[in-house]
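Chemist: From the sequence below, what's the structure:
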Amino acid sequence: MATEQRHEPPIRRLGRFSARSRELFQGLGAALTTPTPGAPLLAEASSRWVRLLPYVVALAFVASLLPSTVTVLINDYGVNGALAGAIATAQTVPLLLAVSRPLQAWWVIFTADVLGALALLGSDGVHADLWPWTPPVVIGYCALMVALGLRESRRALFGVWLATGTAGYVLEAFRPDGDTSVHTLLLVLSGVLLLLTSAVRARGDAQRRLVEQESINEAERSRRTLLEERARIARELHDVVAHHMSVITVQADSAPYRIPDLPDAAREEFTSIATSARESLAEMRRLLSVLRSDGSEGERAPQPGLDRVQQLVEATVRAGVPAELSLAADLGDVPQAVDLSAYRIVQEALANVVRHAPGAATRVSVRPSDDGWLTVLVVNGPGAEAGSGVERGATGTGHGLVGMRERVRLTGGSLDTGPLPDGGFRVAARLPLTADPAPDPAAYPDSEPDSEPAR
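Modeler: Now for the predicted structure:
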């Protein structure tokens, strides 16, 4: 069964076309009366002379076009001197305004150009042969189009071009006999200049947005790096805390068997302690499962400590870095969190040397102090070879200085990192060996900015 085709009545189609046309012209009118906010041309340049360049160019146009316009109007078109001066001033001086407010300048110059063309109707100059725009008008209008194209929206530019063409074709109807029409030339030149300058502005806007997006991405990347490193440290410290909680559980469970004649109240208290410890362990396991929600598997090997720093230095030497270790014979009772953090700091610092300064002489020092602090120092000289050592076996666990800083902050210590005058690099950390160490007047300030590239 054939479907019946419905034809829209012509009156309705005409009404819809009329509504769309009205919306288009309303949009163009709004664009022509609403300047795009912004700074003057080249206002973002770092050099003061570059920022002043648009004003110098505009002043040069005014200085050259103003007298030439007066001369052409008087000599070629026979316009009265006072009227010629007023028209020339209105057609050229607003070019100075075009540097910062090009749309307002266009309204003034466009009106002056149209009024100037009407004033030429009564001229009787013997050399008047161009209509409706004089040569200085064409030059000044083209300069104005450059300023407009670099600032205003495409809809406003289209409105300017449409108004220019409309005015030219309307004035063409009054062209005196024998005059040569130049409105088509101005229409083509203005259209080309508007297209080129708007394309340049669009490209600049796209590059600016790209830079802004890269800055946002870099900030997000830094934040993600920090969160990943914190999660990594939390996973590593889980084993340390879980060990202590397990010891508490075992001691509480075995207390009734180890201590004879223990009162019933004490037995109940130890039972409550063991129960709370088991619940804490269960909560820690659930927390660890959240930290590993990305599907990563936990490490099966025990967490390393300072007892493995010697192996770490030997592996670095095998990677081509001449490193030497100064490790105190008796480090004393080092907390497990500090033990792990010190090892990771040395590991990451040595990995940075292999990556960024292959072949550099490196010195590693780990020593406790009498005031309850553990000093970890890794100093390397300038690299002896060019190129990266990533392929040479450099193995780190985190994100360079970000990971070091987080580990030091976690233990309540201090960190100092930075380049040396000879081209080397220095990493110095102080970690507390006790819960309440003595104040350290020589503590290294943690002044490294978060934006510092990870080494």
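
Chemist: Am I right that Val376 falls within a strand?
Modeler: Yes: secondary structure assignment (DSSP: H, G, I helix; E, B strand; the rest coil) places Val376 inside a strand.

Chemist: now Asp371, what's its secondary structure?
Modeler: coil.

Chemist: From Leu433, how far off is it?
Modeler: 9 Å (CB to CB, to the nearest Å). (Each C-beta comes from the backbone N, C-alpha and C, glycine too.)

Chemist: More neighbours: these two, which one.
Modeler: A count of neighbours by other CB atoms under 10 Å puts Leu433 above the other of Asp371 and Leu433, at 19 against 13.

Chemist: Looking at the more buried one now. What's its pLDDT?
Modeler: Looking at Leu433, its pLDDT is 87.

Chemist: Could you list the low-pLDDT ranges of this protein?
Modeler: 1-9, 12-17, 21, 124-128, 235-240, 243, 287-302, 385-399, 435-455 (pLDDT under 70).

Chemist: hey, where'd the strands end up in it?
Modeler: 130-131, 180-181, 323-327, 362-368, 373-380, 414-419, 425-432 (DSSP state E).

Chemist: Can I get these in TSV including mean neighbour count and distance to Leu306?
Modeler: Output for these, formatted as TSV (neighbours: other CB atoms under 10 Å; distance: least, CB to CB, whole Å):
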stretch	mean neighbour count	distance to Leu306
strand 130-131	21	91
strand 180-181	12	91
strand 323-327	15	7
strand 362-368	19	6
strand 373-380	23	9
strand 414-419	18	17
strand 425-432	22	11
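
Chemist: Distance to Ala82 added to those strands, as a markdown table?
Modeler: Listed next are the strands of the chain as a markdown table, based on distance: least, CB to CB, whole Å:
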| stretch | distance to Ala82 |
| --- | --- |
| strand 130-131 | 23 |
| strand 180-181 | 27 |
| strand 323-327 | 90 |
| strand 362-368 | 86 |
| strand 373-380 | 82 |
| strand 414-419 | 72 |
| strand 425-432 | 77 |
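
Chemist: Would you agree Asp179 is in contact with Asp129?
Modeler: Yes: assessed by CB atoms under 8 Å, Asp179 is found in contact with Asp129 at 5.7 Å.

Chemist: Flag every buried residue along stretch 331-346.
Modeler: 331, 334-335, 337-346 (16 or more other CB atoms under 10 Å).

Chemist: One more: stretch 269-281?
Modeler: 270, 273-274, 277-278, 281.

Chemist: Quickly check the residues you listed for the two that are furthest apart.
Modeler: Phe270 and Leu281 (16.5 Å; CB to CB).

Chemist: What distance do you get for the residue of the chain most remote from its centre to Ser254?
Modeler: For the chain, the largest distance from the centre (CA atoms, centre = their mean) belongs to Asp261, which lies 70.5 Å off. Here Asp261 is placed at a distance of 16 Å from Ser254 (CB to CB).

Chemist: go on, Leu195?
Modeler: In terms of CB to CB, Leu195 sits 87 Å off from Ser254.

Chemist: In terms of packing, which of those two has more residues around it?
Modeler: Using other CB under 10 Å, the more surrounded residue of Leu195 and Ser254 is Leu195, with 15 against 12.

Chemist: Excluding chain neighbours, give the residue nearest to that one in space.
Modeler: Gly149 (7.7 Å; CB to CB, 6 or more residues apart in numbering).
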